[in-house]
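Trainee: missing the sequence, but the structure's below:
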């Protein structure tokens, strides 16, 4: 999507609010639907920002190839955008070195919608949210939490970092930038209320949640229990279709028929942790301990997701259908 089209989409934000009737305080954006049948093609990548190292550049190249084949509409980043400690400021050269100079394929010259990961919170969070970065590279859009409307789909981007207790209580853990988050309990309560209200008011055919931390994952980090306790009940009550995350540096699909599908796409660069948590094989449809990314194809009747490895080979594909 070209810059002018994106600016037009921002102006349509209020139309999205009017149509869906939401009174949530979450910022809402509209991404125009350009395909005649109203479908969307999207790439999803996470845990990538290493200035091209650990195969980040190779994954980026394959994303470009697949993005061209699919004629993608935009890209979703599920966090840990800049390693190891986020950005120092909005003039940090790591932004160009890890983003602008890496994702150069013409098919990736589309809007990128991003959430923050725990490594991003170890730096200057406001830098990643700054309009200065958008001026440097118009593709960049990052917020703590927001709603993206695109035709029959609503994506709810959720800041999962403040939910994790150990970031606040473990003295051996890193220092995090909690500016505009404290008091923590108020932040989480308001976010959950806004999310619940937004989901209840949504008239979208598909409701998809995007966060950084895993709710169901067999990866190295394991299940984020705070999200299981506080976020998952809201997703189940409001019949969310997909929960998409990163954090674990792998690719995985966990789900049962008729329930939320949990999709991890954290293979943007450094991976190969070499271990897997025990999980019910009936639910664990894919676990790939390596680098890669995911595509998402959404029509009115079907949401199809495909996982690709670092060489562009298809590892797994599955879909959900609606009448």
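Mentor: Yep, that arrived. These figures come from a predicted structure and were not determined experimentally.
Trainee: Distance of the residue nearest the centre of the chain relative to residue 187?
Mentor: In the chain, the centroid-proximal residue (C-alpha atoms, centre = their mean) is residue 78; its distance is 3.0 Å. Here the criterion is C-beta to C-beta, to the nearest Å. By it, residue 78 lies 20 Å from residue 187. In short, each C-beta sits where N, CA and C put it, glycine included.
Trainee: go on, residue 271?
Mentor: From residue 271 to residue 187 the distance is 31 Å (C-beta to C-beta).
Trainee: So for the two, which residue has more residues nearby?
Mentor: residue 271 (23 against 18; other C-beta atoms under 10 Å).
Trainee: ok, that one touching residue 252?
Mentor: No - using C-beta atoms under 8 Å, residue 271 is not in contact with residue 252; the gap is 11.7 Å.
Trainee: Would you mind listing the buried residues in stretch 103-119?
Mentor: 103, 105, 107-119 (16 or more other C-beta atoms under 10 Å).
Trainee: hey, where'd the strands end up in the stretch 1-150 of the chain?
Mentor: Ranges of strands within the stretch 1-150 of the chain are 27-30, 40-45, 74-77, 111-114, 140-142, 146-150, based on DSSP state E, counting those that start in this stretch.
Trainee: The stretch 151-300 of the chain now?
Mentor: 153-157, 206-210, 242-245, 251-254, 261-265, 284-288, 292-298.
Trainee: So what's the gap between the longest one and the chain middle?
Mentor: Computed by C-alpha atoms, centre = their mean, to the nearest Å, the chain-centroid distance of strand 292-298 equals 11 Å.
Trainee: likewise the fifth one?
Mentor: On the basis of C-alpha atoms, centre = their mean, strand 261-265 sits 10 Å off its chain's mean C-alpha point.
Trainee: Low-confidence stretches in the stretch 201-323 of the chain?
Mentor: Residue ranges of the stretch 201-323 of the chain with pLDDT under 70: none are present.
Trainee: Is the closest residue to residue 214 other than its chain neighbours bridged to anything, and to what?
Mentor: The shortest distance from residue 214 to any non-neighbouring residue, by C-beta to C-beta, 6 or more residues apart in numbering, is to residue 245 (5.0 Å). With DSSP bridges applied, residue 245 shows beta-bridge pairing to residue 264.
Trainee: gap between residue 245 and residue 105?
Mentor: Counting by C-beta to C-beta - residue 245 and residue 105 are separated by 25 Å.
Trainee: what does residue 168 give?
Mentor: Counting by C-beta to C-beta - residue 168 and residue 105 are separated by 39 Å.
Trainee: Residue 112 too?
Mentor: 13 Å.
Trainee: which other residues reach stretch 179-194?
Mentor: 24-26, 125-126, 144-145, 158-159, 162-163, 168, 178, 230-231, 234 (C-beta atoms under 8 Å, 6 or more residues apart in numbering).
Trainee: who's in contact with residue 311?
Mentor: residue 62.
Trainee: Then it would be within a helix, right?
Mentor: No - Residue 311: not assigned to a helix; according to DSSP: H, G, I helix; E, B strand; the rest coil it is coil.
Trainee: Any chance of the backbone angles for it?
Mentor: phi -100, psi 0 (degrees, to the nearest 10).
Trainee: Not counting sequence-adjacent ones, nearest residue to residue 71?
Mentor: Nearest one to residue 71, counting by C-beta to C-beta, 6+ apart, is residue 41 at 6.1 Å.
Trainee: In this structure that neighbour contacts residue 303, no?
Mentor: No - applying C-beta under 8 Å, one finds residue 41 not in contact with residue 303, separated by 11.5 Å.
Trainee: can you list residues touching both of the two?
Mentor: 296, 297.
Trainee: who's more crowded, those two?
Mentor: Between residue 41 and residue 303, residue 303 has the larger neighbour count (other C-beta under 10 Å), namely 21 against 18.
Trainee: Which secondary structure element is home to that one?
Mentor: strand 302-309 (DSSP states H and E).
Trainee: hmm, back to that, please indicate which of the contacts of stretch 179-194 has the highest neighbour count?
Mentor: Busiest of these [other C-beta under 10 Å] is residue 158, holding 27 neighbours.
Trainee: Test my guess that that residue contacts residue 215.
Mentor: No - if you go by C-beta under 8 Å, residue 158 and residue 215 don't touch, sitting 10.7 Å apart.
Trainee: Give me the common contacts of those two.
Mentor: residue 231.
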